[in-house]
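Asker: Dropping the sequence and predicted coords here.
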Amino acid sequence: MATRKKKSRPAGRATSSRKRKSAARRPAARKPAKKAAPRKAAARKRVPTTARASTVDTLHREQVRLDANKELVLAFYRRMIGEKDPEAARGYMGETYTQHSPYAKDGFEGVAEFARAFKRDFPDHHYEVKRVIAEGEFVVLHLHGKSGPNPHGEAVVDIFRVRNGKVIEHWDVIQPLPEKFENPNTPF
């Protein structure tokens, strides 16, 4: 008797409904349970709740102080440069006021003299605050000065040092703006 040869079929393909049924009855292969990664010694150490609260309180106090410094400098700048009213700005200044700008002298009288001359020479000068940045004792204002000594305005960075709630030191960097820019960006 001749033996019948079976046709070979691609692997994984059932040849009859009987084979499909038997495959369906087989239990699914179980995956081995994952082992938890060993904990590192540092991960086991927990920061006490009081230490976390203390850190949060410290960060909160620092943010409150930085925000107060920003408000102080903005108010001082608004009075001294925006309104050009040195007497109104005097209360924001420390007993000493160190000036690093080449346009004004040290102390209240030096910056007051500058503000009065600026008001006389550029009565329509105004500015637009673009950024206020505070870190440590410093507050930085990034400004767009308009209707001042330069026909197209100027990009200004004023840096102030604040100590004990008073403005005590000042630096500035002033860049006159050209009529035309060589790129599509602005200094702001």
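Answerer: Sure thing, it's come through.
Asker: Ala88 versus the residue nearest to the spatial centre of the chain, what's the distance?
Answerer: Among the residues of the chain, Ile133 comes closest to the average C-alpha position under C-alpha atoms, centre = their mean, at 7.7 Å. Using C-beta to C-beta, to the nearest Å, Ile133 is found at 25 Å from Ala88. For every residue, glycine as well, the C-beta is placed using N, CA and C.
Asker: Measure how buried Glu169 is and give me the count.
Answerer: When neighbours are counted by other C-beta atoms under 10 Å, Glu169 registers 18.
Asker: What ranges does the chain have for its strands?
Answerer: 93-99, 126-135, 138-146, 154-163, 166-176 (DSSP state E).
Asker: Redo those strands as JSON lines? Include distance to Ala53 and mean pLDDT.
Answerer: Compiled in JSON lines, the strands of the chain are given as follows (distance: least, C-beta to C-beta, whole Å; pLDDT from 0 to 100):
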{"stretch": "strand 93-99", "distance to Ala53": "34", "mean pLDDT": "97"}
{"stretch": "strand 126-135", "distance to Ala53": "24", "mean pLDDT": "97"}
{"stretch": "strand 138-146", "distance to Ala53": "28", "mean pLDDT": "98"}
{"stretch": "strand 154-163", "distance to Ala53": "28", "mean pLDDT": "98"}
{"stretch": "strand 166-176", "distance to Ala53": "31", "mean pLDDT": "97"}
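Asker: what would these look like in TSV with distance to Lys70?
Answerer: Shown next, in TSV, are the strands of the chain (distance: least, C-beta to C-beta, whole Å):
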stretch	distance to Lys70
strand 93-99	16
strand 126-135	5
strand 138-146	6
strand 154-163	9
strand 166-176	12
